[in-house]
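Trainee: Quick one: sequence and predicted model below, then my questions.
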Amino acid sequence: MRMALAVSLNSLLILSIPAPLLAKGNTVKITIKGADHKTPIEISDPKILANFRVWTGPGTSFADRHGLIIDWSQGSVREPPQALRRYQVSFHTDPNERIVYVVCYAFSSGAEQGYVYVPGESDAWYGLNVRSIFRGVEGKWFRAWSAWERVARPLIEKAELTDSIQQSKTETLLLNGPTT
């Protein structure tokens, strides 16, 4: 009798939990926004996204050494130099490509190492992040995972070059007028 009651109560409990809390969707897109970029960079290739899963690392049942875009094995580090360019990296999951987690990625072309900041309590994305995963490391900087660096750096540098070329064309057009 007690066993039947326990099973029934557990079933009711599971049914009362909202579906979004039970379903941890797959990462379907990562967007990278920079202050100098006109349009965000979008990564949607499933083969690439398979490496950067939101639901790994501290605060999850998958405590991988590398996950999200962070090398968790190195532990937290001091804030990197302010001179590094900073980018907002958003993780979108299915259904509906909704944003479930956001971090800050900082790097510079000349710097060997990139860094990732997990927003803390006073940061804009903290509320969204901890509703998805409370990692217990919020408000700290970490070294970026080398696999992320190999993907993100070339994409960011290409976007910056493209934006620079577009800016030059616009300035030339403004100065010289349209060519026929």
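Mentor: All right, it came through fine. Treat the numbers as computed from the prediction; the structure is a model and nothing was measured.
Trainee: Show me the helices in this protein, by range?
Mentor: 2-16, 19-22, 46-49, 126-132, 146-176 (DSSP state H).
Trainee: Report the distance from stretch 35-44 to the chain centre.
Mentor: Computed by CA atoms, centre = their mean, to the nearest Å, the chain-centroid distance of stretch 35-44 equals 13 Å.
Trainee: ok, and for it, which residues are buried?
Mentor: Neighbour counts over stretch 35-44 (16 or more other CB atoms under 10 Å) mark Pro40, Ile41, Ile43 as buried. Glycine gets a C-beta too; all of them are placed from N, C-alpha and C.
Trainee: Out of those residues, which sit inside strands?
Mentor: Ile41, Ile43 (DSSP state E).
Trainee: tell me which of the buried residues of stretch 35-44 is nearest to Pro119?
Mentor: Pro40 (18.0 Å; CB to CB).
Trainee: I'd say that closest one and Lys33 touch.
Mentor: Yes: contact criterion CB atoms under 8 Å: Pro40 and Lys33 qualify, at 4.6 Å.
Trainee: got any ranges where the protein has weak pLDDT?
Mentor: Within the chain, the segments meeting pLDDT under 70 span 1-24, 162-180.
Trainee: cutoff 50 now
Mentor: Within the chain, the stretches with pLDDT under 50 are 3-23, 167-174.
Trainee: For the closest residue to Ile41 other than its chain neighbours, grab the count of nearby residues.
Mentor: Among residues not flanking Ile41 along the chain, Ile32 sits closest, at 4.2 Å (CB to CB, 6 or more residues apart in numbering). Per other CB atoms under 10 Å, the neighbour tally for Ile32 reads 19.
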